[in-house]
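> Curious how this folds, go ahead:
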Amino acid sequence: MTFHESGLVFHFSDNWLVRKFDSHTFYRGLSGVGFKAVDFLVLPPSGPLLLLEVKNYFNRDPRVNAPVRPEHLPVPAELAKKLHEKSMDTLEAINTIHQYYQRKWSYRLLLPWLLRLRWKNSDWIFWALAYQRAHVDRTARFVCWIEVDDGQTEWAEALNEALLSFPFESPFEPLLIGTKHNPFYPEIRVQNS
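Have a look, this model is predicted:
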């Protein structure tokens, strides 16, 4: 599966289930009541649910051969606060979507069989698995995909420190990564668009 986000192209392994959450029908309904959401929800065949937020501060202007100037970058503490809010709202949204589906008798009846089949395009299966991993198994991870120029390493370190200072409930501690440090390669491959 291939998705475009923030000037980057994300290629996910075919056996991973992925939803671009901030453009999903459910998110459109929830954003009207103030919910913020991560860019992607990613379900590998095993392991944690990944709440993936993408920020690209890499200089994309070919006429300027220099990193984005520090004064044009967000304040690390303010960005960390927004990222923390997005992760918490996304977890709450997954719970809300689960409650919505639980009201349908057909969902409750068919879900055990659908989960065995694991159809990739089934929203029922995707949201059931997302809920299971995030709220029952408690195996979810908040992943911040941050692209920066080489000259912005101090800023990225300050962002990481600020992000880690927020009270993330275990096991939802954030993981700050980018193309140069991608622990999910080759299942997630990223390139500039």
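
> in a strand, that's where residue 55 is, yeah?
Yes: applying DSSP: H, G, I helix; E, B strand; the rest coil, one finds residue 55 inside a strand.

> C-terminal to the helix or strand bottoming out on mean pLDDT in the chain, which secondary structure element comes first?
Lowest on mean pLDDT, DSSP states H and E among the helices and strands of the chain sits helix 25-31, with a mean of 66. Downstream of helix 25-31, the first helix or strand assigned by DSSP states H and E is strand 40-43.

> contacting residues around that next one?
With C-beta atoms under 8 Å, 6 or more residues apart in numbering as the test, strand 40-43 has contacts from 3, 5, 10, 12, 16-21, 49-52, 54, 90, 94, 126, 129-130, 133, 188. All C-beta atoms are positioned from the backbone trio N, CA, C, and that covers glycine.

> continuing past the longest helix seen in the chain, what's the next helix or strand?
In the chain, assigned by DSSP state H, the helix with the most residues is helix 76-102. Note on helix 76-102: by DSSP H and E, the next helix or strand toward the C-terminus is helix 105-117.

> Dump that following helix to PDB, keeping only the CA atoms.
C-alpha atoms of helix 105-117 as PDB (Å, rounded to 0.1, in the frame of the first residue of the first chain):
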ATOM      1  CA  TRP A 105     -26.000  -7.000  16.300                       C
ATOM      2  CA  SER A 106     -24.600  -8.100  13.000                       C
ATOM      3  CA  TYR A 107     -21.100  -6.900  14.000                       C
ATOM      4  CA  ARG A 108     -21.300  -8.800  17.300                       C
ATOM      5  CA  LEU A 109     -22.500 -12.000  15.500                       C
ATOM      6  CA  LEU A 110     -20.100 -12.000  12.500                       C
ATOM      7  CA  LEU A 111     -17.000 -10.600  14.100                       C
ATOM      8  CA  PRO A 112     -15.500 -13.900  15.400                       C
ATOM      9  CA  TRP A 113     -15.600 -15.400  11.800                       C
ATOM     10  CA  LEU A 114     -14.400 -12.200  10.100                       C
ATOM     11  CA  LEU A 115     -11.400 -12.000  12.400                       C
ATOM     12  CA  ARG A 116     -10.300 -15.500  11.300                       C
ATOM     13  CA  LEU A 117     -10.500 -14.500   7.700                       C
END
